[in-house]
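In: what follows is a protein structure lacking sequence information:
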């Protein structure tokens, strides 16, 4: 059965992995990633610790990918803070 809708709670690596697996098993599924408080996970989430992590970024073919890449370069060169 295709086209089912799923909500995955947890915006971390596990939530992203579960979302990817659901889409592998059922390519027509609609998967929504939610924070634990029930709010939607941002389209793009950038965090920085020992590494710069980018989650939920659009496909490289998406129009916004160049703007995201430009922002990441600025963050890495410490010209700009990470967006909330």
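Out: Perfect, I can see it now. As the structure is a computational prediction, the values presented were derived from the model and not from experiment.

In: so, low pLDDT: which residues of the protein?
Out: 1-2, 11, 42-44, 56-63, 79-84 (pLDDT under 70).

In: residue ranges of each domain in it, please.
Out: 1-41, 42-84 (automatic domain parsing).

In: mean neighbour count added to those domains, as a markdown table?
Out: Just so you know, the C-beta spots here come from the backbone N, C-alpha and C atoms, and that holds for glycine as well. Converted to a markdown table, the domains of the chain look like this (neighbours: other C-beta atoms under 10 Å):
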| stretch | mean neighbour count |
| --- | --- |
| domain 1-41 | 13 |
| domain 42-84 | 12 |
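
In: how about the strands in the protein?
Out: Along the chain, counting by DSSP state E, strands occupy 5-9, 30-34, 45-48, 52-55.

In: figure out which of the ones you listed is closest to residue 73.
Out: strand 52-55 (10.4 Å; C-beta to C-beta).

In: the closest one - contacts with which helices or strands?
Out: Using 3 or more C-beta pairs under 8 Å, 6 or more residues apart in numbering; DSSP states H and E as the contact test, the elements touching strand 52-55 are strand 45-48, helix 65-76.

In: and of the ones you listed, who's closest to residue 25?
Out: Residue 25 sits nearest to strand 45-48 of all the helices and strands packed on strand 52-55, at 24.1 Å, using C-beta to C-beta.
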